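Chemist: Structure for the following, please:
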Amino acid sequence: MKTTTRRERFKPAVDRSVLLLLAGLVWICVGAMLLRFSYSWLHASREGASLVLVGAGVLLALVIHHFGFLRVVDKNLGRILPMEGKKCVFSFMSWRSYLIVAVMVVLGVSLRHSPIPKRYLSILYTGIGLALILSSVRYLRVLVTQRGKRA
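Modeler: A predicted model of the protein is given here:
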């Protein structure tokens, strides 16, 4: 009979498929939040160059997605996929990634409160937000593929 410690009993442990789903959903939610900021800034500015700014943001998103975030996703997948059994729900990201996220949040808040015009910040927010959403598709695709192998 296996005995569990009190700490293990309260550990929020989940299967690998839940980690993949969580990773994809977190990236989608953060991306959507950034896109909402960008949209509200562009909508409030009411200047004619909004389409150009959105276009620049989309181009930036493709670059960030391809050369930046896909590498992060692949590293996370390389860590998650070999996992056996139940793991901590927060292990969909490495501890180092949590530190990077904290720095990015501080940077984002600093930029929002900086004197940089919001319409120009919308390019960066569109780029990062859309790149997060595009990159999250890989998590979800792997999740669906993993589920298909079990069936």
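Chemist: What score does Ser45 have for pLDDT?
Modeler: For Ser45, the model assigns a pLDDT of 77.
Chemist: any idea which helix or strand carries the closest residue to it other than its chain neighbours?
Modeler: Leaving aside its chain neighbours, Ser45 sits nearest to Arg119 (4.6 Å; criterion: Cβ to Cβ, 6 or more residues apart in numbering). Glycine gets a C-beta too; all of them are placed from N, C-alpha and C. Per DSSP states H and E, Arg119 falls inside helix 118-150.
Chemist: mean confidence for that helix?
Modeler: On average, helix 118-150 scores 92.
Chemist: That one: how far from the chain's middle?
Modeler: Taking the mean of its C-alpha atoms, helix 118-150 sits 6 Å from the chain's own mean (Cα atoms, centre = their mean, to the nearest Å).
Chemist: returning to that earlier point: who's in contact with the residue nearest to Ser45?
Modeler: 41-42, 45, 47, 49-50, 53 (Cβ atoms under 8 Å, 6 or more residues apart in numbering).
Chemist: before we move on, the earlier item: give me the buried positions along the helix holding Arg119.
Modeler: 118-119, 121-136, 138-140, 142-143 (16 or more other Cβ atoms under 10 Å).
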